[in-house]
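Q: what's the 3D shape of this:
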Amino acid sequence: MWTRLLKGLLGGVIREGSLTITLNDGTVLPFGDGALPEIAIRFHDDDPAEADRAQPRSGYGRGLYGRPPDHRGRRPAGFLALIIRNLDSGRGEYWRQPLRVAQGLARRAQQANPMGRARANVAHHYDLSGALYDLFLDTDRQYSCAYFTDPAISLEAAQEAKKAHIARKLLLEPGMRVLDIGCGWGGMALTLARDHGARVLGVTLSTEQHRVATERAKAAGLADRVEFRLTDYRAVTESFDRIVSVGMFEHVGAPNYREYFAKLRDRLAPDGVALVHTIGRTSPPGLTSPWIAKYIFPGGYIPALSETMAAVERERLWIADVEVWRLHYAETLRHWYDRFMANIDTVRTLYDERF
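A: Numbering: from 1, shown residues only. Purely as a prediction, here's the structure:
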């Protein structure tokens with residue numbers, strides 16, 4: 001039965017490239033046009049649940065737990081790339097549409113972001129061991145897209161270039177008050193204070209990030225110019241000349257965009273400037289993968305530019321600049337992946353194989 005399910009699931013999707021699935025009983029299921037890339041997978045279990053693992057944006061990640069499928073020497077990324085390449089071409093929409101409709105109806109509930117839930121969602125991801133992040137991030141722990149002025153430069157240099165680029169866009173002057181929403185481990189706030197003379201308030205919902213950032217400010221002798229608060233950005237009441245937010249907007253959720261930009265407007269001085277740095281989707285407004293929502297970023301959602309700009313305009317903010325760093329993120333992810341895999345044995349001492 002589930003052989004027919006797999007054929008129906010993948011037969012209408014895989015038209016470019018070649019995918020061969022071998023079942024536990026030896027049955028071979030070919031898909032695609034036979035062209036490159038060629039991907040071969042063998043499933044270990046004759047279980048209908050295995051069919052769910054062939055869905056790259058939900059069940060496949062769960063399938064990598066326990067006894068994973070054999071990718072015949074290829075990384076799982078190769079299989080994912082083949083599937084997503086075909087999905088993004090629009091094929092297979094007929095079987096995805098009912099699921100999209102159902103998920104769309106649940107979108108508001110999924111992305112609701114009251115303060116209590118927001119803190120729990122942040123803790124799930126950011127309150128992991130600091131030693132883990134040290135294994136793959138740069139030394140300043142910038143957990144967002146770096147700015148590669150040259151693809152050959154180091155991750156550290158690219159993250160420094162990112163902070164400098166953001167500072168230029170903010171048009172900073174010494175003594176300006178800056179709000180850093182989602183300040184992470186404090187690197188951006190400390191840089192703006194040390195290198196540009198700003199007075200910075202950084203806010204985070206992560207207890208681990210707040211602890212580390214506060215310690216860093218003291219160690220750098222910047223505690224008189226940089227304050228870190230363990231609080232929701234919505235609880236801040238002061239006025240600021242500048243607002244910067246790097247890698248936090250992905251946690252706001254589409255139903256809350258107007259609230260977010262209204263808060264930016266209310267906290268900015270009359271001639272203030274805000275800069276928001278976020279991951280963005282290349283497709284129209286959509287949904288978060290159920291697997292990502294459960295295991296990686298609960299409450300997270302990657303915004304489309306169209307829905308973001310609509311909220312900005314409705315809150316009477318002026319759009320002065322939009323810049324897309326797509327290929328810069330590809331380089332950033334490559335560095336993170338290489339560093340993580342180079343330290344995989346150390347990761348296993350911190351967490352288990354399933355993690």
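Q: now H125, nearest residue through space, not along the chain?
A: Once flanking residues are discounted, H125 sits nearest to F297: 6.0 Å by CB to CB, 6 or more residues apart in numbering. For every residue, glycine as well, the C-beta is placed using N, CA and C.
Q: Quickly note the distance from the one you found to V252.
A: 12 Å (CB to CB, to the nearest Å).
Q: burial measure for E323, as a count.
A: E323 has 10 neighbouring residues, counting by other CB atoms under 10 Å.
Q: neighbour-wise, which of F297 and V252 wins?
A: V252 (27 against 19).
Q: Contact partners for that one?
A: Listed by CB atoms under 8 Å, 6 or more residues apart in numbering, the contact set of V252 reads 113, 260, 301.
Q: Which one of those sits in the busiest neighbourhood?
A: Of all these, the highest neighbour tally under other CB under 10 Å goes to Y301, namely 28 neighbours.
Q: these two touch, right, that one and F249?
A: No: using CB atoms under 8 Å, Y301 is not in contact with F249, being 9.5 Å away.
Q: quick one, longest strand in this structure?
A: Secondary structure of the chain per DSSP state E: the longest strand is strand 268-277.
Q: helices or strands next to that strand in the packing?
A: The contact analysis (3 or more CB pairs under 8 Å, 6 or more residues apart in numbering; DSSP states H and E) places strand 268-277 against helix 155-170, strand 240-246.
Q: Packed most tightly, which of those would that be?
A: strand 240-246 (a mean of 24; mean count of other CB atoms under 10 Å).
Q: by how many degrees do whichever helix or strand L201 is part of and strand 240-246 diverge?
A: Using DSSP states H and E, L201 sits in strand 199-204. Angle of strand 199-204 versus strand 240-246, following axes from the mean of the first three to the mean of the last three CA atoms, to 10 degrees, is 40 degrees.
Q: Enumerate every residue touching the nearest residue to T278 once chain neighbours are set aside.
A: Once flanking residues are discounted, T278 sits nearest to F249: 3.9 Å by CB to CB, 6+ apart. Residues near F249 by CB under 8 Å, 6+ apart: 260, 276-278, 303, 308.
Q: returning to that earlier point: among the contacts of V252, name the ones in helices.
A: Members of these lying in helices (criterion: DSSP state H): Y260.
Q: before we move on, the earlier item: TSV for the helices and strands packed on strand 268-277, including distance to M341 and mean pLDDT?
A: Converted to TSV, the helices and strands packed on strand 268-277 look like this (distance: least, CB to CB, whole Å; pLDDT from 0 to 100):
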stretch	distance to M341	mean pLDDT
helix 155-170	14	98
strand 240-246	25	98
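Q: The ones you listed into CSV, with extra columns for distance to E315?
A: Conversion of the helices and strands packed on strand 268-277 to CSV gives the following (distance: least, CB to CB, whole Å):
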stretch, distance to E315
helix 155-170, 19
strand 240-246, 13
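Q: Next, the buried residues of stretch 83-90.
A: For stretch 83-90, burial by neighbour count (16 or more other CB atoms under 10 Å) applies to 83, 86-87.
Q: can you check stretch 14-28 too?
A: Across stretch 14-28, burial judged by 16+ other CB under 10 Å covers 14, 17-23.
Q: and the two most separated of those?
A: With CB to CB as the measure, no two of these lie farther apart than G17 and L23, at 20.1 Å.
Q: CA atoms of the strand holding L201 as CSV?
A: Extracted as CSV, the C-alpha positions of strand 199-204 are listed here (Å, rounded to 0.1, in the frame of the first residue of the first chain):
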residue,chain,number,x,y,z
ARG,A,199,24.8,54.3,24.1
VAL,A,200,23.0,51.0,23.6
LEU,A,201,20.2,49.1,25.2
GLY,A,202,20.1,45.4,24.1
VAL,A,203,17.0,43.3,24.8
THR,A,204,16.7,39.5,24.6
